[in-house]
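# My questions are about this predicted structure, shown below with the sequence.
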Amino acid sequence: MRPKKRLFWHLYPSFLAIIVITLVISSIYSSTSMKDFFLNQTADDLKIRALLLQRQVTLRLLINDESAVNELCAVAGQEASTRITVTLPDGRVVGDSFSAPGKMENHSDRPEIMEAADGRIGTSIRYSATMKNRMMYVAIPLVHDGQLLAILRTAITVSRIDEQLSRIRLRFILGGIVIALIVAGISLLVSRRISKPVEELKIGADRFSQGDFDHKLPTPDTVEMTALADSMNQMAARLNDRIKTIVQHRNELEAVLSSMVEGVLAVDHNERVLFSNQAVLRLFDLKLGTLTGKTIQEVSRSPQFHRFVQQALLNRETAEGTFTLYTPDERIVHFRNAPLKGGSGEHIGTLFALNDVTGIKRLENMRRDFAANVSHEIKTPLTAIKGFVETLIDVGAGDPEETLRFLSIIQKHVDRLTAIVEDLKQLSQIELADEKIGISLERGQIGDVIREAVSECRDRATEKRIDIVGTCEEDLQIPMNEQLLEHALSNLIDNAITFSSPESRVDVTATTEGSEAVIRVQDYGIGIEPRYHQRIFERFYRVDEGRSREKGGTGLGLAIVKHVVLAHNGRITVDSAPGRGSRFDIRLPLR
Ligand code: ADP
């Protein structure tokens, strides 16, 4: 491509060229016309001079006085500064104002003489060997009684005309140069005036292209340029509005997408992310600023996820399913995908909506396990009761001692059933109350709660000769449901007694730590392996099932404690190891 020139350099040289060509052509034309004019004028002049002499020469020739003719030529030639020559029709020179006719050669071959011999007026411009100069000749025929007597020729040198013409030409050139300079100056100004507004528009357009739409183009002083500037200003204003609207829409969309709990992930045919929201980063546990442009392998290492993306891109249909992520915790992700279409309806990829359903799945599993556990827990005593009742029916009330033993076993299992049903009822009551309106809390003394719980467990402790030591900071009050808190605490103390060897000790203390009250139940019994610390709060979970059941535990005690604590907006922690005893801390807000 040829290098581009500025508009000015297109205009100015063209103007100059036009001026110079016009001047040169008009100078050549005028000087040629001038020359023709001068030559015609001179020819006419020579003709008149010849005509003026014609009569006198004819008279002298009629009397055959050739010397008188020559003399006339000399005198008239001198007076009129003209060379005058007279030749006879055969070309012999009989008179000449410049040379002696006798010495002159025959003139019959001269073009003007030949023309005049034919009866016309002859004209010629050529070099004269006699005059050693360029001369103009005009010859006229001298006719008497219809007969050619002689030819009269007048001539002058044309160098004078040439001199005059070159003087005029010089003036033309000088005048042309002056005009050219003036016009060059004017066309410089005109070129500038035309190109400057265009350059200003260009600078403005550059600023528009850089996004500076607040810039206003200056109004030039021509109608066309003003219209162009106005159109460009309007275009910029409209573009500005459009861009603002687009940016606003994009921001709104981004705000909606980023506040969504669901992850939104669009993937193109090359398995690269087109866009994604914050939830996707959270879901895949990524610390990146944006996923746009990243491959799905960079997003997640899950082969399951890769397979689903590839299937979605291949099938171009809506689908849903779940996959598991290890980030590093196990997470179950539910997805729905739909084909992603471009502006003109073409398929450009696939769109995923992702949901972390780990909690829901866990809850579902818990519910399922819970139902199975409840049936299992109830079935065991029921089977035992059924067995003993059937035996009693079969055997009959033969041996009263045996019958009494059977009945007491039946009673033990009935008590167990009752305990399970009681605990379940309590658990569901706490859950229900807490879910619906929250349990009602009133300020109460923790000291009173500890005292009541300890006295409730006193008999069992005494049975095992276990010393329960209860201490509480003075006047330690918190918002509480006294009955529930007392029940939770006695569950903890009961467990502490159950899992301690006889003649040991259980400490129950209550203190303030920051904005919380801490109720601590510490025993020095068998302890719990750390891997069970989370699970012991699940319903029906027991570390040693046989042993717990044998000791009358329902497996619901700690689940109840946890729910009571949660209903008080508190938390419960356990610190324990086998052989080192267990410490349960209930932390409840002071306000
Ligand atoms: P249970 O009615 O069987 O005692 P819990 O829910 O109260 O049920 O306790 C669950 C399990 O946690 C118990 O079976 C026991 O294995 C363990 N556990 C609870 N408290 C203690 C403790 N103080 N020392 C050792 N193990 C305990």
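Structure received. Only a predicted model underlies this, so the values are computations on that prediction, with no experimental measurement involved.

# can you confirm Val267 is in a strand?
Yes - secondary structure assignment places Val267 in a strand (DSSP: H, G, I helix; E, B strand; the rest coil).

# in the sheet, who's paired with it?
Here Val267 sits in beta bridges with Val273, Thr350, going by DSSP bridges.

# where does the stretch 251-400 of the chain have low pLDDT?
For the stretch 251-400 of the chain, applying pLDDT under 70 flags the ranges 397.

# Next: the chain.
1-2, 397.

# most distant residue from the middle of it?
Taking C-alpha atoms, centre = their mean as the measure, the residue most remote from the mean C-alpha position of the chain is Ile63, 116.2 Å away.

# Now do the phi/psi pair for it.
Dihedral pair for Ile63: phi -100, psi 10, per degrees, to the nearest 10.

# Distance-wise, check it relative to His144.
Look at Ile63 and His144: by C-beta to C-beta, to the nearest Å, they are 12 Å apart. For glycine as for every other residue, the C-beta is placed from the backbone atoms N, C-alpha and C.

# Over to Ile296?
127 Å.

# who's more crowded, those two?
A direct count of neighbours by other C-beta atoms under 10 Å for Ile296 and His144 places Ile296 higher, at 22 against 12.

# and that one, what is it in contact with?
For Ile296, the contacting residues are Val267, Glu271, Arg272, Val273, Phe305, His306, Val309, by C-beta atoms under 8 Å, 6 or more residues apart in numbering.

# got a winner among these for most neighbours?
That'd be Val267 among the contacts of Ile296, by other C-beta under 10 Å, with 26 neighbours.

# show me what contacts it?
Contacts of Val267 by C-beta under 8 Å, 6+ apart are Val273, Leu274, Ile296, Val309, Ala312, Leu313, Gly349, Thr350, Leu351, Phe352.

# Can you give me the buried ones in stretch 414-431?
Neighbour-count burial for stretch 414-431 flags Arg416, Leu417, Ile420, Asp423, Leu424, Gln426, Leu427, Ile430 (criterion: 16 or more other C-beta atoms under 10 Å).

# An error on my part: the question was meant for stretch 170-180.
Going by 16+ other C-beta under 10 Å, stretch 170-180 has these buried residues: Phe172, Gly176, Ala180.

# Would you mind measuring from Ile173 to the ligand?
123 Å (C-beta to the nearest ligand atom, to the nearest Å).

# which residues are in contact with stretch 229-245?
197, 201, 204-205, 208, 211, 213-220.

# Helices - which of the residues you listed land there?
Among the contacts of stretch 229-245, the ones falling in helices (DSSP state H) are Pro197, Leu201, Gly204, Ala205, Phe208.

# Mind checking which of the residues you listed are buried?
Buried residues within the ones in helices among the contacts of stretch 229-245, counting neighbours by 16+ other C-beta under 10 Å: Pro197, Leu201, Gly204, Phe208.

# Spell out for me which residue occupies the centre of the chain.
For the chain, Val247 is the residue whose C-alpha lies nearest the centre (C-alpha atoms, centre = their mean; 10.5 Å).

# Give the buried residues for the helix or strand hosting that one.
In this assignment (DSSP states H and E), Val247 forms part of helix 223-259. Going by neighbour count (16+ other C-beta under 10 Å), the buried part of helix 223-259 is Met225, Leu228, Ala229, Met232, Asn233, Ala236, Leu257.

# Can you tell me which residue of the stretch 301-450 of the chain sits closest to the ligand?
Asp423 (8.0 Å; C-beta to the nearest ligand atom).

# and the protein, which residues reach the ligand?
Applying C-beta under 6 Å from any ligand atom, one finds that the chain approaches the ligand through 495-496, 499, 523, 525-526, 528, 536, 541-544, 548, 553-559, 582.

# SS state for the closest residue to the ligand within the stretch 151-300 of the chain?
Of all residues in the stretch 151-300 of the chain, Asp285 sits closest to the ligand, at 32.3 Å by C-beta to the nearest ligand atom. The three-state assignment at Asp285 reads coil, by three-state DSSP.

# for it, what are its contacts?
Thr327.

# Let me know the secondary structure of Leu340.
Recorded secondary structure, Leu340: strand (three-state DSSP).

# begin at 587 from here
Yep, numbering from 587; the last one is Leu926 now.

# helices and strands around the longest helix seen in the chain, which ones?
Looking across the chain with DSSP H, the single longest helix is helix 593-648. Helix 593-648 sits against helix 652-666, strand 669-673, strand 719-730, strand 733-743, helix 745-795, with contacts defined as 3 or more C-beta pairs under 8 Å, 6 or more residues apart in numbering; DSSP states H and E.

# Thanks again, I'm all set now.
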